[in-house]
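In: Pasting the sequence and the predicted model now:
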Amino acid sequence: MKPTKNLLLLFLFLSGISLNAQKKATKTIAPKEQFIAELMAKMTIDEKIGQLNLPTSGDITTGQANSSNVAKNIEQGKVGGLFNIKSVAKIKEVQKIAVEKSRLKIPLLFGMDVIHGYETTFPIPLGLSCTWDMNAIKRSAQIAAQEASADGINWTFSPMVDISRDPRWGRVSEGSGEDAYLGSQVAKAMVTGYQGDDLSKNNTLLSCVKHFALYGAPEAGRDYNTVDMSRIRMYNEYFPPYKAAIDAGVGSVMASFNEIDGIPATGNKWLMTDVLRKQWGFKGFVVTDYTGIMEMEYHGVGDLQTVSALALKAGIEMDMVSDGFLGTLKKSLDEGKVTIQEIDRAVRLILNAKYDLGLFHDPYRYCDEKRAKTEIFTTLNRSEARKIAAQSLVLLKNDNQLLPLKKSGTVAVIGPLADAKENMAGTWSVATKQENSISLLAGIQSVVGTSAKVLYAKGSNLDYDEQLEERATMFGKTLHRDKRTKEELLSEAVKIANQSDVIILAIGESAEFSGESSSRTNIKIPQAQKDLLAALQKTGKPIVLTLFTGRPLDLTDENATVPAILNTWFAGSEAGYAIADVLFGNENPSGKLTMTFPRTIGQIPIYYAAKNTGRPLGNKEGKFEKFKTNYIDERNEPLFPFGFGLSYTTFSYGNLSISSNKMAANETIKVSVPVTNSGNYDGKEVVQLYIRDVVGSVTRPIKELKGFQKIEFKKGETKTVTFEITIDDLKFYNSDLQFVAEPGKFEVFIGTNSDTTSKIEFDLVN
């Protein structure tokens with residue numbers, strides 16, 4: 001009995017230590033409003049302004065944090081958060097300075113651009129949106145939050161929800177395309193995926209929706225350029241995804257670089273206060289983009305002190321990198337250019353976020369080294385990323401059912417993107433370990449195994465211009481430029497092709513050919529790769545064009561001559577596996593375009609939800625009609641419309657039926673259509689619902705997406721797909737910016753893409 005008693009006492013003793021340690025780690029503190037008020041009462045003006053300062057991590061390295069310049073400011077209470085710092089060891093070391101060396105021991109926020117995954121990387125956001133699968137998109141954000149939070153991060157600058165109709169703009173790769181309704185669904189899925197239902201859980205991230213607002217509509221498609229549009233267009237076509245993120249409870253908002261109504265967004269009080277807070281009820285905090293306050297000087301609205309005061313008064317709470325708040329607000333306060341109430345309001349919102357994240361309860365809650373070792377880049381996470389990536393691929397062409405390929409014979413894998421694992425994750429993949437990504441070549445070799453012989457040749461460089469290739473392969477995303485001559489590269493590729501039964505040609509853009517500051521005036525495939533394609537076509541072998549891109553490209557030439565085109569975007573760390581799964585039939589492609597592909601750059605901006613003019617084009621055959629709204633040298637319609645995407649099977653749509661041809665404001669109606677998998681494979685179809693308001697007090701688009709369902713069908717299976725239409729689906733902002741639904745006739749379209757003409761009508765009555 002005696003040994004048992006001793007063991008029991010030892011157990012109770014150790015349990016007490018463990019319990020005490022837990023209590024010490026997670027403090028019991030006052031309710032938020034009381035706690036923040038008491039804390040702010042203790043703060044000096046310098047400490048308050050310090051909470052509004054967000055510098056980059058700069059010179060901080062593990063083991064040297066105490067001697068860094070940023071660390072000295074942290075110790076003095078002059079930093080509210082840091083970004084671009086990664087790993088539990090570094091973050092814990094820096095957090096320790098804040099909570100153990102600063103006077104008030106206020107913990108820091110740690111932010112990072114976790115855009116489409118952490119070390120397990122998912123497709124670029126434009127590719128993710130092409131899944132049209134909100135559960136998959138939400139899941140990608142959950143996994144990103146799990147991994148990033150396990151590595152010490154608690155704040156992500158995502159999602160980017162900027163609507164764009166101009167593929168010249170490089171940052172279309174970071175958004176969800178051209179449509180406000182779809183973009184709103186994606187925004188909601190991402191925010192709820194990151195933040196979950198309780199921000200204080202240590203596997204969630206504070207989300208930051210960006211860039212508020214209208215950043216995706218710069219003149220000439222040139223990044224950071226002027227944006228100018230009517231307010232009715234803002235509210236109907238560009239604002240909805242931001243508002244959807246606010247309604248989903250996003251904790252922070254990032255200001256955009258562009259101006260709105262002649263005032264930079266960072267200093268625009270109408271935008272940041274009237275719209276965001278008063279109209280939409282946003283309760284979180286607003287952070288600038290990188291040096292956003294300082295850049296207002298270049299816009300021409302004042303010196304650093306002036307623009308810093310302008311930003312604060314407009315409704316900006318946190319200054320990223322500019323040091324405008326830190327360096328000038330105290331002086332502006334003394335001179336009466338800002339008030340202590342304005343500073344206090346901003347400080348309170350920053351402290352609220354830290355409280356909600358649980359940092360005052362336990363500042364090290366995101367610094368668990370065990371999680372860092374077991375929850376990042378796991379087999380399970382990679383498996384989910386592979387499946388989601390396969391759903392993002394869009395089959396643009398498949399003549400004579402060339403795809404899926406058989407796992408037999410000899411396959412030639414050719415092109416500058418074929419063995420380019422550093423590029424698979426795409427742009428804004430800052431946490432990805434590029435060496436762990438799977439190239440297309442490696443993925444094909446794995447999927448076919450010993451069933452087929454795989455040959456490889458690079459064939460060409462990305463571009464003949466070496467300097468352009470360097471600009472398009474920044475941040476370690478090299479393509480290992482081949483120094484051989486054009487003729488030598490082509491000769492090797494043709495030799496390989498002649499030995500093969502089929503050619504998988506991997507061409508297009510490199511990862512950084514799109515993204516921030518990667519606008520293009522020419523959105524064709526580079527000439528070096530066009531020459532490679534031409535040389536391979538002369539062999540007479542069937543070619544599958546496996547397209548890597550971060551934007552819609554002008555594929556008119558390729559579409560006319562290549563039998564199969566699979567748009568892979570940049571599919572993430574598991575890209576090679578996912579693409580090979582689709583090419584060889586392990587997965588049936590189900591992606592649908594969320595941005596229109598033009599026939600030529602001269603059609604840009606091009607989007608499906610356009611408006612009729614007083615002289616609309618009356619034919620669909622591309623015939624020129626004088627004095628109609630058309631081009632003299634090109635057809636009006638796009639090469640590939642919004643919502644387009646093929647499958648290895650086919651889907652047949654029956655006649656539409658409607659529950660009633662009249663609808664009152666307090667009623668709903670149902671529209672149904674039978675859909676049949678009429679092909680030879682099981683597959684998924686995105687059934688899309690569009691509505692047209694035929695007559696309005698202001699002109700209305702010819703068609704607007706108002707619903708979609710992604711449904712799996714067995715071979716030969718028929719399902720009746722039903723959509724419920726409510727009054728909210730019929731509302732829009734009128735000329736007085738009132739959100740209304742006007743009585744009258746509505747047309748409902750259901751089909752496989754935005755070009756569908758199958759319709760039924762009903763009337764909205766008083």
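Out: Cool, the structure landed. Residues are numbered from 1 along each chain as shown.

In: Give me the next element, helix or strand, following the helix or strand bottoming out on mean pLDDT in the chain.
Out: With mean pLDDT, DSSP states H and E as the measure, the helix or strand of the chain carrying the lowest mean pLDDT is helix 2-25 (a mean of 43). Using DSSP states H and E, the helix or strand that directly follows helix 2-25 along the chain is helix 32-42.

In: can I get the CA coordinates of that next one in CSV?
Out: Output of helix 32-42 as CSV, limited to C-alpha atoms (Å, rounded to 0.1, in the frame of the first residue of the first chain):
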residue,chain,number,x,y,z
LYS,A,32,-13.3,43.1,-22.9
GLU,A,33,-14.9,46.5,-22.5
GLN,A,34,-13.7,46.9,-18.9
PHE,A,35,-10.3,45.4,-19.6
ILE,A,36,-9.6,47.7,-22.6
ALA,A,37,-10.8,50.8,-20.8
GLU,A,38,-8.6,50.1,-17.8
LEU,A,39,-5.6,49.4,-20.0
MET,A,40,-6.1,52.6,-22.0
ALA,A,41,-6.3,54.6,-18.9
LYS,A,42,-2.8,53.6,-18.1
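
In: elements contacting that helix?
Out: helix 340-356 (3 or more CB pairs under 8 Å, 6 or more residues apart in numbering; DSSP states H and E). All C-beta spots, glycine's among them, are computed from the backbone N, C-alpha and C.

In: buried stuff in the helix it packs on?
Out: 342-343, 346-356 (16 or more other CB atoms under 10 Å).

In: packing partners for that helix?
Out: So helix 340-356, by 3+ CB pairs under 8 Å, 6+ apart, packs with helix 32-42, helix 45-51, strand 109-112, strand 285-287, helix 304-314, helix 324-334.

In: Mind listing residues that contact the helix or strand following it?
Out: Later in the chain than helix 340-356, the nearest helix or strand by DSSP H and E is helix 369-374. By CB atoms under 8 Å, 6 or more residues apart in numbering, the residues outside helix 369-374 that reach it are Ser87, Val88, Ala89, Ser149, Ala150, Asp151, Gly152, Asn202.

In: If you count neighbours, what's buried in helix 369-374?
Out: Neighbour-count burial for helix 369-374 [16+ other CB under 10 Å]: Arg371, Ala372.

In: Alpha carbons only: can I get the very next helix or strand once past that helix in CSV?
Out: Going down the chain from helix 369-374, the next helix or strand is helix 379-392, by DSSP H and E. What follows is helix 379-392, C-alpha atoms only, in CSV (Å, rounded to 0.1, in the frame of the first residue of the first chain):
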residue,chain,number,x,y,z
THR,A,379,0.1,14.1,-45.5
LEU,A,380,-3.6,14.7,-44.9
ASN,A,381,-3.3,18.4,-45.8
ARG,A,382,-1.4,17.6,-49.0
SER,A,383,-4.0,15.0,-49.9
GLU,A,384,-6.8,17.6,-49.6
ALA,A,385,-4.8,20.2,-51.5
ARG,A,386,-4.3,17.7,-54.3
LYS,A,387,-8.1,17.0,-54.6
ILE,A,388,-9.0,20.7,-54.5
ALA,A,389,-6.4,21.5,-57.1
ALA,A,390,-7.8,18.9,-59.5
GLN,A,391,-11.2,20.7,-59.2
SER,A,392,-9.7,24.0,-60.1
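
In: host element of Lys530?
Out: Short version, using DSSP H and E: Lys530 is in helix 527-537.

In: Confirm that Val687 lies within a strand, as I assumed.
Out: Yes. Val687: assigned to a strand according to DSSP: H, G, I helix; E, B strand; the rest coil.

In: circling back: direction included, what does the next helix or strand after the helix holding Lys530 pair against?
Out: Proceeding N to C from helix 527-537, the next assigned helix or strand is strand 543-548, under DSSP H and E. Paired neighbours of strand 543-548 in the sheet (DSSP bridges): strand 502-508 (parallel), strand 564-567 (parallel).

In: Dump these into JSON lines; add mean neighbour count as well.
Out: Converted to JSON lines, these look like this (neighbours: other CB atoms under 10 Å):
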{"stretch": "strand 502-508", "mean neighbour count": "26"}
{"stretch": "strand 564-567", "mean neighbour count": "24"}
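
In: mind checking which of those strands is nearest Ser308?
Out: strand 502-508 (42.9 Å; CB to CB).

In: quick one: low-confidence ranges for this structure?
Out: Within the chain, the stretches with pLDDT under 70 are 1-26, 59-68, 620.

In: domains of it?
Out: The record's domain parsing of the chain by automatic domain parsing lists 25-106+339-368, 385-593, 649-765.

In: Select, out of those, the one closest to Thr613.
Out: Per CB to CB, nearest to Thr613 of these: domain 649-765, 9.2 Å.

In: ends of that closest one, how far apart?
Out: Domain 649-765 has its terminal residues 41 Å apart, counting by CA to CA, to the nearest Å.

In: among the contacts of helix 369-374, which ones are buried?
Out: Val88, Ala89, Ser149, Ala150, Asp151, Gly152, Asn202.

In: List the ones among those that fall in helices.
Out: Val88, Ala89, Ser149, Ala150 (DSSP state H).

In: Distance to Met296 added to these, as CSV?
Out: Converted to CSV, these look like this (distance: CB to CB, whole Å):
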residue, distance to Met296
Val88, 37
Ala89, 37
Ser149, 33
Ala150, 37
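
In: Out of these, flag the one nearest to Arg139.
Out: Distances from Arg139 to those, taken by CB to CB, are shortest for Ser149, at 15.6 Å.

In: That closest one contacts Ser200, doesn't it?
Out: No. Counting by CB atoms under 8 Å, Ser149 does not reach Ser200; the two are 11.6 Å apart.

In: Find the residue at the geometric middle of this structure.
Out: Pro125 (3.2 Å; CA atoms, centre = their mean).

In: residues touching it, list them.
Out: Ile115, His116, Pro159, Met160, Ser173, Glu174, Gly175, Ser176, Val186.

In: correct me, but the second one touches Val430?
Out: It refers to His116. No. His116 is not in contact with Val430 according to CB under 8 Å; the separation is 10.6 Å.

In: how close does the nearest residue in space to Asp581 that is not next to it in sequence sit to Ser660?
Out: The shortest distance from Asp581 to any non-neighbouring residue, by CB to CB, 6 or more residues apart in numbering, is to Glu587 (4.3 Å). The spacing between Glu587 and Ser660, counted by CB to CB, to the nearest Å, is 40 Å.
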